[in-house]
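[1] A predicted structure for the sequence below; I have some questions about it.
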Amino acid sequence: MRCHRSTLECVLGLTVLGIACGSGGMPADLASADASAGSDAAVLSDPDAIRPFEVDVPQEVLDDLKTRLARTRFPDEIEGAGWDYGANLEYMKEFVDYWRDEFDWREQERRLNEFDHYVTNIDGLDIHFIHQRSVVPNARPLIITHGWPGSVVEFIKVIEPLTDPEAYGGDPADAFHVVVPSIPGFGFSDKPMEPGHNSARMAAYFAKLMERLGYDRYGAQGGDFGSGIMRQLTIQHPDRVIGLHLNFVSAGPPPDGEDAQIEVSPEELERVRERQEYSANERGYSAIQRTKPQTIGVALNDSPVGQAAWIVDKVRWLCDRGDDPVCQTITRDEMLTNITLYWVTGTATSSARLYYESRVMATGQPDPYIEVPVGAALFPAEITLPPRAWAEARYNIVHWTEMPRGGHFAALEEPELFVEDVRSFFADLD
């Protein structure tokens, strides 16, 4: 991550090419100008350099977080409200107590640093990514992309099974070289400071990243915004993408697709209606982030509990909850690792801007048909579950799996199902 002195963005301590990127923190005015100059000099000396990265948040940032958590001013709540009005007060108080007193960020850092992290500068932005190469020489390259409110944390359970399937009871022929980037404006990547960074722009960054890594042909996988970014990557470079695997399939009824409409069963239409009804009262966050990301950013960037409530409430909606109040398969530590990542990088606002840019840059025209082979994994608690005929009107569907359980955060909720489906789809392309 580069340190931008003018925008006070250096909130992480890390080592890139042996240069310390400041003592930074929240508040961000602790950033080191000398470190900024050093990092910029490294980029100027070799713009295409791929620089090792280590997650190492300064202790003062964590101390500041703990102080803010201890000083939280919680709101009131209507008796018996549950989750109807948003994040439940009792749950959030217990959640914050655990975050302040028991959650171990250093242990999560250690776990994250078990993977190979890098940054490289592309078109003026430092892009962070995990690049985990398989021991299998002819493994397929695969880029996997997160969305909001996600991060690279979503994939910590699937990277090793994908890169080393034999160690997890699989076939070495199913091995991948895995690339997991942080979308610009998210996590450890730089924050775009000019308008126009929609999904297509993000896809262009990632195409250049894969080219820089030496991958001429590769698979693409995505959910949430990652689905749209990987779709755009496939549209821009159909000659490079060998297959597109999606766990978030966006497809409405074709405007002139009478055959597609006829092929839709009553059960599929009922499922569409059920998902729409379930989500009807859950999209307020999207309306705000699509129109006023800076306004909500002021609140979330100043309050870690506000940031946590904003994300927890959406995880609860998006996850396969089961009998748990929020999610039956994502642990509290996993949620807090992701939330803490948003906090220490100060990316509440910059990540929300992706919604705004996607709205204002929308053309109103449908994307072209995807000719590249597409695999779809539908997890039952996902936001939308389109009929296969609708998806086939938009994509070259060659693989379709309806999962028995799981939700929006497929790789984190149901890693084994996710890995098996990715393996199966790409194996069938050989």
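    Now that the structure is in, tell me what you want to look at. Fair warning: this is a prediction, and the values are worked out from it, not measured in the lab.
[2] what's the distance between the nearest residue to residue 112 once chain neighbours are set aside and residue 427?
    Nearest-residue entry for residue 112: residue 55, 5.0 Å, with adjacent residues in sequence omitted and distances by CB to CB, 6 or more residues apart in numbering. Just so you know, the C-beta spots here come from the backbone N, C-alpha and C atoms, and that holds for glycine as well. According to CB to CB, to the nearest Å, residue 55 stands 33 Å off from residue 427.
[3] Comparing these two, which shows the higher neighbour count?
    Higher neighbour count among residue 55 and residue 427: residue 55, with 22 against 13, using other CB atoms under 10 Å.
[4] Surely that one and residue 115 touch.
    No - contact between residue 55 and residue 115 fails when scored by CB atoms under 8 Å: they sit 9.6 Å apart.
[5] Give me the distance between the residue nearest to the spatial centre of the chain and residue 382.
    Centroid check for the chain by CA atoms, centre = their mean gives residue 146 as the closest residue, at 2.4 Å. Between residue 146 and residue 382 the computed distance is 15 Å (CB to CB).
[6] Who are the contact partners of residue 309?
    The neighbours of residue 309, taking CB atoms under 8 Å, 6 or more residues apart in numbering as the test, are 86-87, 92.
[7] Could you tell me which of those residues are located in helices?
    Of the positions in these, residue 92 sit in helices, assigned by DSSP state H.
[8] Between the contacts of residue 309, which sits nearest residue 181?
    Comparing these against residue 181 with CB to CB places residue 87 closest, at 29.6 Å.
[9] Pull up the per-residue confidence for that closest one.
    Among the per-residue scores, residue 87 holds a pLDDT of 96.
[10] Might one say that it is in contact with residue 311?
    No - judged on CB under 8 Å, residue 87 makes no contact with residue 311 at a distance of 9.4 Å.
[11] Leaving out the residues flanking it, which one is nearest to residue 395?
    residue 374 (4.1 Å).
[12] Equivalent analysis for residue 293, please.
    Residue 293 sits nearest to residue 352 (CB to CB, 6+ apart), 3.7 Å away.
[13] Do me a favour and average the pLDDT over the helix or strand containing that neighbour.
    Element membership of residue 352 [criterion: DSSP states H and E] is helix 348-360. On average, the pLDDT along helix 348-360 is 95.
[14] Stretch 135-154 now?
    Stretch 135-154 comes out with an average pLDDT of 97.
[15] Give me the buried positions along it.
    The neighbour-count check on stretch 135-154 (16 or more other CB atoms under 10 Å) flags 136, 139-154 as buried.
[16] Relative to the whole chain's centre, how far out is it?
    In terms of CA atoms, centre = their mean, to the nearest Å, the centre of stretch 135-154 is set 10 Å apart from its chain centre.
[17] now the end-to-end length of that stretch.
    23 Å (CA to CA, to the nearest Å).
[18] helices and strands of the protein: which one has the lowest mean pLDDT?
    In the chain, the helix or strand scored least confidently by mean pLDDT, DSSP states H and E is strand 19-20, which has a mean of 30.
[19] Would you list the phi and psi of residue 230?
    Main-chain torsions, residue 230, degrees, to the nearest 10: phi -70, psi -30.
[20] how deep is it tucked in, by neighbour count?
    When neighbours are counted by other CB under 10 Å, residue 230 comes out with 27.
[21] For it, give me its contacts.
    Residue 230 makes contact with 143, 145, 203, 220-222, 244, 246, according to CB under 8 Å, 6+ apart.
[22] tell me the pLDDT at it?
    98.
[23] what separates the helix holding residue 352 from the chain centre, distance-wise?
    Distance, stretch centre to chain centre, for helix 348-360: 14 Å (CA atoms, centre = their mean).
[24] Now do the buried residues in that helix.
    Those would be 348-358, for helix 348-360 by 16+ other CB under 10 Å.
[25] And those, which two are furthest apart?
    348 and 358 (17.1 Å).
[26] number of nearby residues for the nearest residue to residue 319 once chain neighbours are set aside?
    For residue 319, ignoring the flanking residues on the chain, the nearest one in space by CB to CB, 6+ apart is residue 327 at 3.6 Å. Residue 327 has 24 neighbours, counted by other CB under 10 Å.
[27] List the contacts of the residue lying closest to residue 322 once chain neighbours are set aside.
    Once flanking residues are discounted, residue 322 sits nearest to residue 328: 3.4 Å by CB to CB, 6+ apart. When contacts are counted by CB under 8 Å, 6+ apart, residue 328 touches 319-322.
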